[in-house]
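> requesting a structural model of the entry that follows:
(4 chains)
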Number of protein chains: 2
Amino acid sequence: MDPVVVGRRVRALREERGISLSTLARLAGVGKATLSGLEHGTRNPTLETLWAVTAQLGVPLTALLTEPAAGPTVHGAAVTATLLEVFTDTDATYELYRMRVAPGPGQLSPAHQPGVTEHVTVFAGVLRAGPADAPLTAPAGGHLRWVSDVPHSYTAVGDEEVAASLLLRYPRHREPTDQARTVDPTTEIAIISRPSQEP
Amino acid sequence: MDPVVVGRRVRALREERGISLSTLARLAGVGKATLSGLEHGTRNPTLETLWAVTAQLGVPLTALLTEPAAGPTVHGAAVTATLLEVFTDTDATYELYRMRVAPGPGQLSPAHQPGVTEHVTVFAGVLRAGPADAPLTAPAGGHLRWVSDVPHSYTAVGDEEVAASLLLRYPRHREPTDQARTVDPTTEIAIISRPSQEP
DNA sequence: CGCTGTCGTTCCGTAAACGGAACAGTCGGG
DNA sequence: CCCGACTGTTCCGTTTACGGAACGACAGCG
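This is a model prediction of the structure:
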C-alpha cells in the first residue's frame, strides 16, 4: 500500500469538508507536522494517528485503505459490478451494487423475472441503459429506472468509463421453483453479467 | 479503535494458519519484538508494519480494522445513516449511505459545501426531502436529487419508516477560475436544481 | 504601511516503535 | 540426562514518528 495514496485521500476528504489542515490537526489532537507529513505521504503513520484523523473526518479507516474489493465482484463484457448490500423488505428484496461500465461496445443482459426493476444513479460518464429495444440515457448525476423483465443493455456513451450505483428490486411473489431461490450473492450476480437458463 | 482488538485478530489469523510468531515475523520482515507487542496491543503499530504483516497473512488491512458488523452510523433526530462505501473518482468523491427515516417530525440538516449534491433512491415508504424551502417527494422506487449547499430536510410521509440509499457527491475543489470554466457535469446539476452563485 | 490572523511547511527535541539479541520454557531425539 | 531446535517474551540501542514552535506566504483591515 502506498502511503502517498493514503495521504491524497486524507487531503481530499479534508478539503471536501472545507476545513483547513490546522483545524483538522487541532480537532484530531495531532500535530500539524504530523498531518502535513501524512497528507504528503512522507511519514509512516501510526494506527493511533490514522484513527484520530479518520474519526474526525467521519469516515472509517477502510475509506483510506480500500485497496481490496470489499464485496463479491463480477466482471462482464463491459460491466463490473460489486455487491454492496443485500436486504429484504416486507414486499421485496433489494440488492445494491456499485457498477462500472467500460467504454466500448456495451453489454446485453437477459430478462429477469417479472416485476423486477432496476434503478441506476450515474456518478461519472454518460450511460445508456434500459430495455434493449428502448434504452435510456443519463449523464453524470442522472437517474434511470426500468422494468427489467425484458433483455436490457448497458453501454457507456463516449470514451469515459461510467461509474454508477445499481439497485435491483425483486418483488416478493412466492416463486415455487425447486431450485431454492436463495439470497446467495453469487447466483444473483450471475444473473447480471451472464446469461442464465430461462425456466 | 482498540489496538488490543487488532492484536487479537492478528494472533487469531496467525494461529489459524498454524505458523509461529517467529516465522511470521521473519516472513513479514519485522522484528519478533514488534510482532509480539502488536499481538498484545502494547504497541501502536505503524501502517508499514500492519501492511507487512497482513500481506503475509494474505488478508486485507480491513480485516483487522473493519468494525464488527458495520461501518459508522450517524444518528439524527429522524435519520439513521450507515456509511457503506467511500470512493474517489477523477472529478469527485462519493459517500454512499444506507438511510432510514423514522416516521414523525422530520430532520433538518445544515448546508454542505457549494457544489455538493445528494442523490436518494427510495426503497420503501414515502420520503419528502430536499432543500428546506422546496422539498421533493418520492414514493418507493422513486429518486430524488438536489444541490445541498443549502439547509435541507428529510421527512417520512405517513406512518411507515422510509428506507433509502443516499449518495453524497463532493466535487473536487477547484477555485473559481471563471475564464477556465469548462463544461463540468456538476454545473449542469446545479443549474437544474438551484442556481448556486459565488457570494 | 504595519498589524493581525490564518494558511501550510519545516525545524527540532522527545517519546516511542523499530529490529536484533538475549532470555526462559517446552518438546523430541540421541 | 544433555542437547539442539523451537516456542514466545523481554531487554536494548537505533531509528523515526510524534507534537510544539518557528517559519514564510497570503489576505483582510485600519
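> please identify the buried residues of stretch A:47-61?
A:47, A:49-57, A:59-61 (16 or more other Cβ atoms under 10 Å in any protein chain shown). Every C-beta, even on glycine, is put in place using the N, C-alpha and C of the backbone.
> how about these in CSV, adding pLDDT and secondary structure?
Listed next are the buried residues of stretch A:47-61 as CSV, based on pLDDT from 0 to 100; DSSP: H, G, I helix; E, B strand; the rest coil:
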residue, pLDDT, secondary structure
A:L47, 92, helix
A:T49, 94, helix
A:L50, 93, helix
A:W51, 91, helix
A:A52, 92, helix
A:V53, 92, helix
A:T54, 90, helix
A:A55, 87, helix
A:Q56, 88, helix
A:L57, 86, helix
A:V59, 82, coil
A:P60, 78, coil
A:L61, 82, helix
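> in a markdown table, list the residues you listed along with distance to A:G29.
Shown next, in a markdown table, are those (distance: Cβ to Cβ, whole Å):
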| residue | distance to A:G29 |
| --- | --- |
| A:L47 | 15 |
| A:T49 | 10 |
| A:L50 | 13 |
| A:W51 | 11 |
| A:A52 | 6 |
| A:V53 | 9 |
| A:T54 | 13 |
| A:A55 | 10 |
| A:Q56 | 9 |
| A:L57 | 13 |
| A:V59 | 17 |
| A:P60 | 19 |
| A:L61 | 17 |
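> contacts with chain B among the residues you listed, please.
A:47, A:50-51, A:59-61 (Cβ under 8 Å from any Cβ of the partner chain).
> pick out the most distant pair among the residues you listed.
A:L47 and A:V59 (15.5 Å; Cβ to Cβ).
> nearest to B:R43 among the ones next to chain B among the buried residues of stretch A:47-61?
Using Cβ to Cβ, those come closest to B:R43 at A:L47, 9.2 Å.
> which secondary element of chain A has the worst mean pLDDT?
helix A:185-193 (a mean of 26; mean pLDDT, DSSP states H and E).
> report the contact partners of the nearest residue to A:G106 once chain neighbours are set aside.
Distance criterion Cβ to Cβ, 6 or more residues apart in numbering or on different chains; nearest residue to A:G106, sequence neighbours excluded, is A:T155 at 3.2 Å. Contacts for A:T155 (Cβ atoms under 8 Å, 6 or more residues apart in numbering or on different chains) come out as A:78, A:101, A:105-107, A:127-129, A:135.
> for ChimeraX, write the selection for the buried entries among those residues.
Restricted to buried positions by 16+ other Cβ under 10 Å, the ChimeraX selection for those reads:
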select /A:78,101,106,107,127,128,129,135
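> let's have the contacts of A:T155 in JSON lines, adding secondary structure and pLDDT.
As requested, the contacts of A:T155 are exported to JSON lines (DSSP: H, G, I helix; E, B strand; the rest coil; pLDDT from 0 to 100):
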{"residue": "A:A78", "secondary structure": "coil", "pLDDT": "86"}
{"residue": "A:V101", "secondary structure": "strand", "pLDDT": "91"}
{"residue": "A:P105", "secondary structure": "coil", "pLDDT": "89"}
{"residue": "A:G106", "secondary structure": "coil", "pLDDT": "86"}
{"residue": "A:Q107", "secondary structure": "strand", "pLDDT": "86"}
{"residue": "A:L127", "secondary structure": "strand", "pLDDT": "93"}
{"residue": "A:R128", "secondary structure": "strand", "pLDDT": "95"}
{"residue": "A:A129", "secondary structure": "strand", "pLDDT": "94"}
{"residue": "A:P135", "secondary structure": "coil", "pLDDT": "91"}
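> alright, calling it a day.
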